[in-house]
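> A structural model of the following input is requested.
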Amino acid sequence: MIILKSKKELEIMREAGKITAGALRVVEEHIEPGVTTAYLNRLAEEYIMKHDAAPAFKGYNGFPYSICASVNAQVVHGFPNDIPLQEGDIVSIDIGAFYKGYCGDAARTFPVGDISEEAAALIRATEEAFYEGLKYARLGYRLSDISHAIQSYVEARGFSVVKSFVGHGIGQQMHEDPQVPNYGPPGMGPRLRPGMTLAVEPMVNQGTDQVEIMEDGWTVLTKDRLLSAHYENTIAITEEDPEILTVEG
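Model prediction:
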């Protein structure tokens, strides 16, 4: 069942989104060669708790950290660790925060120092694919119109979208109905209605869309070990333009 949010609920979700976006900003400010993702995890957790919120990921189905930190060929759900990031790496940081019972969820892929043109193109295409999907996140469209726009944009640039993991509804639960795939034909699924809140999150691979899960039971890797990037925001469907909730402004 898709839960439509009231104006009051959306106000709280904006605050949850601001906290999530702020945690991402703090993490981004510290990403450089030699920094560990375990340190970034501590920074994010401290920021979230300082703002009277709780890390959404920590303890979720047993996940032991406050952020997901996925490096290079890791797609999503990477465990923070004490391995220093290296010049030329890319790192996807996914953060969620609960504030007054409502969740914000967002992700970005960041360069570590100077990166290759190919890696930069992948990061750029992933972010742009989100905004391409956002064009269809409005009244008069169906859910899969977002999905189709993302897939079409990504594949036209020679990359592939991950099909094994998808976006989702969000609110009092981090994962609510509906699922939001990054692929598929247009004109399918529920019609978009005001009050719907969605986490739209293209996961884009440099090579094959095939993935596998590491022995930790969480970390997702590209099967060909080529690079992967991730870009996510929590959005709200309104009577007019869609609203991105995971912003600090």
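> Lys8: neighbour count?
Around Lys8 there are 8 other residues, counting by other CB atoms under 10 Å. To be clear about C-beta, it is placed using only N, CA and C from the backbone, and glycine gets the same treatment.
> which stretch of helix or strand covers it?
Element membership for Lys8 (DSSP states H and E) is helix 7-30.
> I'd like the average pLDDT over that helix.
Regarding helix 7-30, the rounded mean pLDDT is 98.
> now the next helix or strand after it: how far from the chain's centre is it?
Using DSSP H and E, the helix or strand that follows helix 7-30 in sequence is helix 37-50. The offset between the C-alpha centroid of helix 37-50 and the centroid of the whole chain comes to 17 Å, using CA atoms, centre = their mean, to the nearest Å.
> Going forward, count from 637.
Got it, the first residue is 637 from now on, which makes the last one we talked about helix 673-686.
> So for the helix or strand where Asn869 lies, what gets flagged as buried?
Assigned by DSSP H and E, Asn869 falls within strand 869-872. By 16 or more other CB atoms under 10 Å, the buried positions in strand 869-872 come out as Asn869, Thr870, Ile871, Ala872.
> Can you list the helices and strands that that strand packs against?
The elements that strand 869-872 packs onto, with contact taken as 3 or more CB pairs under 8 Å, 6 or more residues apart in numbering; DSSP states H and E, are helix 643-666, strand 738-747, strand 833-836, strand 879-880.
> got the CA coordinates for that strand in PDB?
Included here for strand 869-872 are C-alpha records, laid out as PDB according to Å, rounded to 0.1, in the frame of the first residue of the first chain:
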ATOM      1  CA  ASN A 869      17.500  11.700  -3.300                       C
ATOM      2  CA  THR A 870      14.200  11.500  -1.300                       C
ATOM      3  CA  ILE A 871      11.600  13.300  -3.300                       C
ATOM      4  CA  ALA A 872       7.900  14.300  -2.800                       C
END
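> List the pairing partners of it within its sheet, with orientation.
Each strand pairing with strand 869-872, determined using DSSP bridges, is listed with its direction: strand 833-836 (antiparallel), strand 879-880 (antiparallel).
> Those into JSON lines, with extra columns for distance to Leu758 and mean neighbour count?
Supplementary listing: these in JSON lines, determined by distance: least, CB to CB, whole Å; neighbours: other CB atoms under 10 Å:
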{"stretch": "strand 833-836", "distance to Leu758": "18", "mean neighbour count": "26"}
{"stretch": "strand 879-880", "distance to Leu758": "22", "mean neighbour count": "19"}
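> What I need now is these written out in JSON lines, including mean pLDDT and distance to Glu812 for each item.
Listed next are those as JSON lines, based on pLDDT from 0 to 100; distance: least, CB to CB, whole Å:
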{"stretch": "strand 833-836", "mean pLDDT": "98", "distance to Glu812": "8"}
{"stretch": "strand 879-880", "mean pLDDT": "98", "distance to Glu812": "17"}
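> now those strands in JSON lines, with distance to Ala757?
Formatted as JSON lines, the entries for these read as follows, by distance: least, CB to CB, whole Å:
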{"stretch": "strand 833-836", "distance to Ala757": "21"}
{"stretch": "strand 879-880", "distance to Ala757": "23"}
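> These: which one's closest to Gln846?
For the strands paired with strand 869-872, the distance to Gln846 is smallest for strand 833-836, at 22.3 Å, taking CB to CB.
> Thank you, goodbye.
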